[in-house]
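*Asks:* The sequence and its predicted three-dimensional model are supplied below.
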Amino acid sequence: MRNEPRSAWKGACPTLDLDRFLPYRLSVLTNRVSNAIARHYSERFDLSPPEWRVMAALGQASGLSAREVALRTEMDKVQVSRAVARLMRGKRVQKQTDTSDGRITRLSLSTRGRSMYNEIVPLALALEEQFLAALAPRERAALDRLIAKLSQEAERLRV
């Protein structure tokens, strides 16, 4: 059944072949790439992947709430909360109460966090370039289009 089209499964209970199941394959690929990049910054900067994701989100858009960070990074609130707490202890992130709504706390990189971010970004971009070097320019363009298309469809399915 492995090489049969899914339409051939009518009447039979299909099996889930993880090696061909796109969500699983994308998750594994994402984890492999993230872990490879994390090896380069985790020891040097004492950061976990969730902490780096929070810093990356705040490096791009300062003043986000923890909820907004969770939405941008697709991490759950608990992961974001733990990452923010550890980043606060390391004086990499700072909090400020929202001036228009005192219930909301705004996050930003501290001076130390910004300095660290500025060191990691070139490293992350170089590693991304090394990873993408496996693709020809046309393949990269196709990948970008396909990711955008699948992201749009995933967003539609979420609603």
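*Replies:* That came through, no problem.
*Asks:* What is the burial count for T99?
*Replies:* Neighbour count for T99, taken as other C-beta atoms under 10 Å: 8. C-betas here are computed from N, CA, C, even on glycine.
*Asks:* May I see the buried residues of the helix ranked longest in the chain?
*Replies:* Longest among the helix segments of the chain by residue count, using DSSP state H, is helix 22-45. In terms of neighbour count (16 or more other C-beta atoms under 10 Å), helix 22-45 has its buried residues at 37-38, 41, 45.
*Asks:* Turn those into a markdown table, columns for distance to G113.
*Replies:* A markdown table is the format used below for the buried residues of helix 22-45 (distance: C-beta to C-beta, whole Å):
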| residue | distance to G113 |
| --- | --- |
| I37 | 18 |
| A38 | 17 |
| Y41 | 13 |
| F45 | 10 |
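*Asks:* Looking at those residues, which one is closest to R103?
*Replies:* Minimum distance to R103 across the buried residues of helix 22-45 is 32.0 Å, recorded for F45 (C-beta to C-beta).
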